[in-house]
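In: 3D model of this:
(2 chains)
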Amino acid sequence: MITRTTQSGFTSLMTYNIQKLSSQLQDVTLQASSGVRIGAPSTAPEDQGMLVRLRAALNDQQAWQDNSEAGMSVMGAVDDALSAANNTLDRALELVVQGASETYNADDRASMAEELQTLRDQMLDIANTDFAGRFVFAGTAYDEPAFDADGNYQGSSDVPTIRVGEDRYEDAGFDGSVVFSSALSVLDDIEAALLSNDTDALANLTAETSDALGEVSLSRQRAGRGFNRFDDARALSESMEAAVSTRISEFAGIDETEVYTRLSELQTAYQAALQITSAGMEVSMFDFI
Amino acid sequence: MSLLSALNTGLSALNSTSSAIEVLSHNVANVATDGYSRQRLDLNTASPVNRGGLFLGRGVTMRGVSRIADGLLGRRLVGQTGYDAAASTLRDNLSIVESFFDETQGFSVSERLEQFYDAMGESTADPSDDGLRMAAVSSASAMAEALNYTASGLSEAVAGFDESIGETVETTNAALVELAAVNESIAASGGASGDLLDRRDQLVEQLATTLGATASIEPDGQATLLVGGQAVVNEGEARTLSVGTDTNGNATVRVSVGGGFVDVTEYVGGKVGGLVESRELTSGYLDRVNDFAVTFADNFNAAHASGFDANGNPGSPLFTYDPTAPAGSFSVNSDFVDEPGLLAYAGASSAEAGDGTNLAALLDLEGAALFDSGSRTGSSFLSALTGDVGRDAAEASGAASQSAAALNDLGALREAISGVNLDEEAVKLVEVQSAYQAAARVISTADEMLQTLIQI
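Out: Reported below is the predicted structural model:
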């Protein structure tokens, strides 16, 4: 126990205490003003790993949302195209049924053939749908049209995928040969049968046209499911982003009650230390002699 | 005869009170002098004279001026000063170093690494898209810049520590020479004055601050100072220190012995010791950042070489580095900046636009345990490093706080024993003044009595 005090000792002690309080006050003020408890690594060394993992998870979710939205755009374009293909084949089926009927003559069938030629061109355009520079029915070879003018498939049998999760990739496109090769072929056959006024052939082509229509329908369902998978992935990422953001706030944020109480305590202690220092240095024996 | 004795007795009182006020004045003058130990005039009663069986006092004699100090406390204070200097130096330095690993400022290597993989992940939406490829290359460049920034910051810190070691050693040498000179003065004076001993203790404390060296005080008052078993101050002789470099190019502290040098780096404490430890820790962090750069670049480039770029050519190295300074020189191959199609995302030379086979393999590297002998991913390697830096900085800060508190306590004890209390000095001033007045009155009265006697 110290029983003898000196002015120098008092000054040193108060300077030490004021500096210590000032340093603590600065730390707590920083926390209160920023709303976060984690600053430099030394403020929470044991939490650095978790902080990095949470931030990485947040960035991942944001990137996967972007990718999911890109996939939804592609699959939306696929769906629109397949809807148009469905309408085209519907009309082609009507024409082939009419053409097979004995109530129409050769001139009627020649006229139908002209319409069918238009439908066939439409179908080729649909098969070569270009969404933002991407031929969506060309598989992974989507930088070139899926079909040439003769209806030959030039794309890839591989389907491109987009990353929408840690180990989750979803198909974003189609192998157009599966969808359109038979459709284009049957349209060519119908046109030929109409031009040659061959009702038997037309009757036989009714089933092939229905099959092609069925394939388009099936593909449309697949495209819808693909769209939904991207939508699900996007919703999951959105939900995860919100959850991770909340977790980061909880993890790295301050306990406001604790911090503001501590701030108030330190401010009071700091003011008291300043007052005591001032008062302690005011009186001297030399004032009385 | 007895009245004349009374005059002499009064004179001794006047002399002693005059000296007392000199000592008192010296104390007041040094009230704010660091390391000053208050002084006291030691008085003895003068030997009495036997006059007819009566032992009559002859006043006061001055035995000397003593210095109020506690030797054991002084040694503890010196030792603690060394610890405190080392701890506060390490704390201050690591608080700067840790700023290069701050995960909250948006420029950490780990955050840039995440952004790079995220940008590549967005390329899966369209591996042929030059815009997305460019974004990936830009992210790679941003990560390289973060590595360069961290490495250059750490390298500059290491160089700064070495420079500070050199500067501090120079200052230390001047103190060593002065301490040897003070030793000579102490030896020459026979009985050292309090001020000379204070100067000796100030120098010993200064050397404890810079070197963490502890001194042993010889019976005659001279200080002997050892560092790593080598006497750097012995009586009037000082051996100066010098700064060398070890095989890794790190600064070392050496003592000149004979015609050569003895490396005492590992025994040095104080500020130099704190700088040496700061340098060692920071060099270790830099080594780990370099390890990251090499492991990341080599593995990424190897995986990249397995794929094919947009021209159908095998992937060329995306990242380059100089093996002598991997993180500092880490950069993105400039060809990729001009032509992002060089990113080898495809799995085959006859690449189709949407072929992202190798892109998926590159993305898998993010979760692959390639670092720390295959035990950590890149991200966990970096966060472990950041955690270690933070722990070291926090421990240094805690140690410095504890050390400062201990030093403050010891300083308060020293002040309690050796410090000057102005109130005490004021009271003594009153006492001495009164004693002087009383002595003068005694002389005056004795004189009057003598005059009375003479006039008879």
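In: past the helix or strand that contains A:Ala85, which element shows up next along the chain?
Out: Remark: A:Ala85 resides in helix A:48-100, with elements defined by DSSP states H and E. If you walk from helix A:48-100 toward the C-terminus, the next helix or strand you reach (DSSP H and E) is helix A:106-127.
In: which bits of the stretch 251-400 of chain B sit near chain A?
Out: Counting by C-beta under 8 Å from any C-beta of the partner chain, the residues of the stretch 251-400 of chain B lying close to chain A are B:352-356, B:360, B:363, B:367, B:379-380, B:382-384, B:386-391, B:393-394, B:397. Every C-beta, even on glycine, is put in place using the N, C-alpha and C of the backbone.
In: quick check, A:Gly173 in a helix?
Out: No. With the criterion set as DSSP: H, G, I helix; E, B strand; the rest coil, the secondary structure at A:Gly173 is coil rather than a helix.
In: so how far is A:Asn105 from it?
Out: When C-beta to C-beta, to the nearest Å is the yardstick, A:Gly173 and A:Asn105 sit 44 Å from each other.
In: what do you get for B:Arg63?
Out: When distance is defined by C-beta to C-beta, B:Arg63 is 149 Å away from A:Asn105.
In: pick out the residue nearest the middle of chain A.
Out: Taking C-alpha atoms, centre = their mean, the centroid of chain A lies closest to A:Gln65, which sits 1.9 Å from it.
In: ok, now which ones touch it?
Out: The contact partners of A:Gln65, by C-beta atoms under 8 Å, 6 or more residues apart in numbering or on different chains, come to A:234, A:237-238, A:241.
In: neighbour-wise, which of these leads?
Out: A:Ser237 (23 neighbours; other C-beta atoms under 10 Å in any protein chain shown).
In: the strand or helix carrying that residue - what's its average pLDDT?
Out: Here A:Ser237 is covered by helix A:199-252, with elements defined by DSSP H and E. Averaging pLDDT along helix A:199-252 gives 94.
In: where in the stretch 151-300 of chain B is pLDDT low?
Out: Across the stretch 151-300 of chain B, residues meeting the criterion (pLDDT under 70) sit at B:191-192.
In: now the strands for the stretch 51-200 of chain B?
Out: With DSSP state E, counting those that start in this stretch applied, the stretch 51-200 of chain B shows strands at B:54-56, B:60-67, listed in chain order.
In: distance to B:Leu154 added to the contacts of A:Gln65, as JSON lines?
Out: Converted to JSON lines, the contacts of A:Gln65 look like this (distance: C-beta to C-beta, whole Å):
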{"residue": "A:Arg234", "distance to B:Leu154": "41"}
{"residue": "A:Ser237", "distance to B:Leu154": "36"}
{"residue": "A:Glu238", "distance to B:Leu154": "39"}
{"residue": "A:Glu241", "distance to B:Leu154": "34"}
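In: one step back: of all the strands of the stretch 51-200 of chain B, which one is nearest A:Ser217?
Out: In this view, the strands of the stretch 51-200 of chain B are compared for proximity to A:Ser217 by C-beta to C-beta, and strand B:60-67 is the closest at 106.8 Å.
In: so what does that closest one touch, helix or strand wise?
Out: helix B:2-29, strand B:39-45, helix B:194-211 (3 or more C-beta pairs under 8 Å, 6 or more residues apart in numbering or on different chains; DSSP states H and E).
In: which SSE is the residue of the stretch 251-400 of chain B found nearest chain A in?
Out: Scanning the stretch 251-400 of chain B for proximity to chain A using C-beta to the nearest C-beta identifies B:Gly390 as nearest, at 2.8 Å. Using DSSP H and E, B:Gly390 falls within helix B:378-418.
In: that helix to helix A:48-100, inter-axis angle?
Out: Helix B:378-418 runs at 160 degrees relative to helix A:48-100, counting by axes from the mean of the first three to the mean of the last three C-alpha atoms, to 10 degrees.
In: can you list the domains in the chain?
Out: All of this refers to chain A. Following automatic domain parsing, chain A resolves into domains at A:70-247, A:255-289.
In: think we crossed wires, I meant chain B
Out: B:2-68+B:419-455, B:71-418.
In: would you confirm that B:Arg254 belongs to a helix?
Out: No. Secondary structure assignment (three-state DSSP) places B:Arg254 in strand, not in a helix.
In: test my guess that B:Thr265 contacts B:Val253.
Out: Yes. Taking C-beta atoms under 8 Å as the definition, B:Thr265 is a contact partner of B:Val253 at 4.8 Å.
In: tell me which residues of stretch B:320-328 are tucked away?
Out: By neighbour count, with 16 or more other C-beta atoms under 10 Å in any protein chain shown as the criterion, the buried positions of stretch B:320-328 are B:321, B:325-328.
In: what do you get for stretch B:31-40?
Out: For stretch B:31-40, burial by neighbour count (16+ other C-beta under 10 Å) applies to B:31, B:35-40.
In: ends of it, how far apart?
Out: Taking C-alpha to C-alpha, to the nearest Å, stretch B:31-40 runs 14 Å from one end to the other.
In: likewise stretch A:151-167?
Out: Between the opening and closing residues of stretch A:151-167 there is a gap of 37 Å (C-alpha to C-alpha).
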